[in-house]
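Asker: Next input, structure requested:
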Amino acid sequence: MSDGKVNFFRIQDLPNVELYQTNGVSRAVPRHVHSVFSDSVTTSGVRYHETRKGKYRVPPGAIQIVNIDEMHSSMPSDVPSTTRALRLLPEYLSSSLVEITGRRDGMILIRQPVIEDWDLAGRILNLQSILETSYSRLEKEVQLLAVFSQLYDRYCTEHNPSFRMGKE
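Answerer: Numbering: from 1, shown residues only. Okay, here's the model as predicted:
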């Protein structure tokens, strides 16, 4: 990627998984929502992530979480940032909840907008490399479920499928 660029692509054999990468980005992203779950690791620079819960500093190594249909925005700091994001479509989250808990009801909600867990951040970055380079669908699925299970075990709050729209 060249300076100030954004790359977005889907994993061919895992259609419910997307990768999103930024390199040297220093622009603000206004408030918006999307219908995917996203966890991104900042690898250089600093960004600010804002949700209904507040405004958070996202330093290198931190994980920025965006739950499905969560209003959020992003602001740069003085230094352009580089991030790598893993975006999961709702279909993947539903099937993962069954795999992790055995339950078929509910949604997954990560309670912290920014997580400073260096071990998990390293595993997310390693997973992204596997998703980009491995020819084995089984390896990708196993690693994806392992990382998502760790995220779920450490930081998840479950709630009913009924979603309440905010004032936005």
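Asker: Backbone dihedrals for Ile110, please?
Answerer: Main-chain dihedrals, Ile110, degrees, to the nearest 10: phi -90, psi 130.
Asker: so it bridges to which residues?
Answerer: Cys156 (DSSP bridges).
Asker: Measure how buried it is and give me the count.
Answerer: Counted with other CB atoms under 10 Å, residues neighbouring Ile110 total 19. Where you see a C-beta, it was placed from the backbone N, CA and C, and this is true even at glycine.
Asker: i'd like the first residue to be 256 from this point on
Answerer: Happy to do that; since the first residue is 256 now, the last one works out to Ile365.
Asker: separation between it and Gln383?
Answerer: Ile365 sits 18 Å away from Gln383, going by CB to CB, to the nearest Å.
Asker: cool, and Leu343?
Answerer: As for Leu343, its distance to Gln383 is 12 Å (criterion: CB to CB).
Asker: For the chain, give me the ranges with low pLDDT.
Answerer: Scanning the chain with the threshold set as pLDDT under 70 gives 256-258, 360-362, 413-423.
Asker: residue boundaries of the strands in it?
Answerer: Using DSSP state E, the strands of the chain run over 260-266, 269-280, 284-287, 292-299, 302-306, 309-313, 318-321, 327-331, 336-343, 362-365, 369-370, 411-414.
Asker: okay if I get these as JSON lines plus distance to Arg392?
Answerer: Listed next are the strands of the chain as JSON lines, based on distance: least, CB to CB, whole Å:
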{"stretch": "strand 260-266", "distance to Arg392": "9"}
{"stretch": "strand 269-280", "distance to Arg392": "7"}
{"stretch": "strand 284-287", "distance to Arg392": "32"}
{"stretch": "strand 292-299", "distance to Arg392": "21"}
{"stretch": "strand 302-306", "distance to Arg392": "32"}
{"stretch": "strand 309-313", "distance to Arg392": "31"}
{"stretch": "strand 318-321", "distance to Arg392": "25"}
{"stretch": "strand 327-331", "distance to Arg392": "31"}
{"stretch": "strand 336-343", "distance to Arg392": "16"}
{"stretch": "strand 362-365", "distance to Arg392": "23"}
{"stretch": "strand 369-370", "distance to Arg392": "28"}
{"stretch": "strand 411-414", "distance to Arg392": "25"}
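Asker: who wins for proximity to Ser349 among the ones you listed?
Answerer: Taking CB to CB as the criterion, strand 362-365 is the member of the strands of the chain that comes nearest to Ser349, at 8.3 Å.
Asker: Which strands and helices lie in contact with the closest one?
Answerer: helix 345-356, helix 392-410, strand 411-414 (3 or more CB pairs under 8 Å, 6 or more residues apart in numbering; DSSP states H and E).
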